[in-house]
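J.: Generate a structure from the sequence data that follows.
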Amino acid sequence: MKNVLITGANKGIGFETARQLAQLGYYVFLGSRNRDKGEDAVQRLRGLGLANVEAVEIDVADMHSVMAARVALEARIDALDILINNAAIAGDQPQKISTGDIANLRNVFDTNYFGAIQVTQQFLPLLKKSRNPVILNVSSEVGSLSINTRPGRKDNWDNYNAYGSSKTALNAFTVTLANEFRNTNFRINSVTPGYTATDLNQFQGIKTVEEGARPIVRLATNSEDGPTMKFFGEDGEVAW
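T.: Next up is the predicted model:
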């Protein structure tokens, strides 16, 4: 049974991704900043008949918490097969980059960008013990420079400039890490769930969490010769 760690998995897309992967037979560690909320999420899944789930306390913005989570998993498993960096915050709004609060920008980056990097760095030793390790960074179209600069773009994402910038940076992390591991068995990609209704956007998204989790699960469970250093969504590859 392959082992999966999903950060921010006690609710929303992370929780639904955990549910779908557990149903497919993966052993899923649900990362949660709050231990009680993580345990509650696990109990909800076990209530659905899914015994192959376990909670892990991890605050991705706190290095001590990340290191403690690594130690906890090292005591439980020999290898980590899939890491899904899903934890993210939207930050306070509005977020116009010309007037936005710098402290808010730093806070968003601490979770969405630096958090993903330090989680990945800490869990790389366990991932390297997998025969086919996968790292997925959950990104967003809001972070796509190509979409943001295309002629005639009508999307108004001004309220998400801090969030979008952090996802652009996360995509850059995906590319640089995939380049570093390009001659190995690692598969490292970014994936966007699309505009999904969660508390991140006050449930204004047009997709359900079931729909939003699908491209994440599909990419996580790809064949061993699947793609790397790409950005994907529900309908296929997304332009950086």
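
J.: With the flanking residues excluded, which residue is spatially nearest to Glu54?
T.: What sits nearest to Glu54 in space, not counting adjacent residues and going by C-beta to C-beta, 6 or more residues apart in numbering, is Phe29, at 5.3 Å. C-beta: built from backbone N, CA, C; applies to glycine.

J.: give me every residue that touches Glu74.
T.: Taking C-beta atoms under 8 Å, 6 or more residues apart in numbering as the contact definition, Glu74 lies against Leu126.

J.: Can I get the worst-scoring helix or strand of the chain on mean pLDDT as CSV, trimmed to CA atoms?
T.: Taking mean pLDDT, DSSP states H and E as the measure, the helix or strand of the chain with the lowest value is helix 145-149, at a mean of 86. Written as CSV, here are the backbone C-alpha positions of helix 145-149 (Å, rounded to 0.1, in the frame of the first residue of the first chain):
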residue,chain,number,x,y,z
LEU,A,145,1.7,34.4,-15.9
SER,A,146,0.5,33.3,-19.3
ILE,A,147,-3.2,33.6,-18.3
ASN,A,148,-2.6,36.9,-16.5
THR,A,149,-0.9,38.4,-19.6
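
J.: how far does that helix sit from the chain's center?
T.: On the basis of C-alpha atoms, centre = their mean, to the nearest Å, the separation between the geometric centre of helix 145-149 and that of its chain is 21 Å.

J.: on contacts alone, who are the packing partners of it?
T.: Applying 3 or more C-beta pairs under 8 Å, 6 or more residues apart in numbering; DSSP states H and E, one finds that helix 145-149 makes contact with no other helix or strand.

J.: which is the next helix or strand following that helix?
T.: If you walk from helix 145-149 toward the C-terminus, the next helix or strand you reach (DSSP states H and E) is helix 161-180.

J.: What residues of that next one count as buried?
T.: For helix 161-180, the buried set under the neighbour-count rule, 16 or more other C-beta atoms under 10 Å, comprises 161-171, 173-175, 177-178.

J.: How about stretch 76-85?
T.: Neighbour count says stretch 76-85 has Ile77, Leu80, Asp81, Ile82, Leu83, Ile84, Asn85 buried, by 16+ other C-beta under 10 Å.

J.: repeat for stretch 32-45
T.: Buried residues in stretch 32-45, defined by neighbour count with 16+ other C-beta under 10 Å: Ser32, Arg33, Lys37, Gly38, Glu39, Ala41, Val42, Leu45.

J.: ok now it, how far from the chain's centre?
T.: With C-alpha atoms, centre = their mean as the basis, stretch 32-45 stands 17 Å off its chain's centre.

J.: Give me the residues contacting that stretch.
T.: If you take C-beta under 8 Å, 6+ apart as the criterion, stretch 32-45 is touched by 8-11, 15, 18-19, 22, 30-31, 53-60, 65, 87.

J.: related to what we said a few turns ago, which member of the buried residues of stretch 76-85 is positioned nearest Val71?
T.: Closest approach to Val71 among the buried residues of stretch 76-85 (C-beta to C-beta): Ile77, at 12.0 Å.

J.: Burial check on the closest residue to the closest one other than its chain neighbours, number of neighbours?
T.: Residue nearest to Ile77 in three dimensions, not counting chain neighbours: Asn3, with 5.0 Å by C-beta to C-beta, 6+ apart. When neighbours are counted by other C-beta atoms under 10 Å, Asn3 registers 22.

J.: which ones are touching Asn3?
T.: Under the contact definition (C-beta under 8 Å, 6+ apart), the residues listed for Asn3 are Tyr26, Tyr27, Phe29, Ile77, Ala79, Leu80, Asp81, Ile82.

J.: For it, name its beta-bridge partners.
T.: Tyr27 (DSSP bridges).

J.: quick one: pLDDT of the residue most central in space within the chain?
T.: The residue at the geometric middle of the chain, judged as the C-alpha nearest the mean C-alpha position with C-alpha atoms, centre = their mean, is Asn86 (2.1 Å). At Asn86, the pLDDT value in this model is 97.
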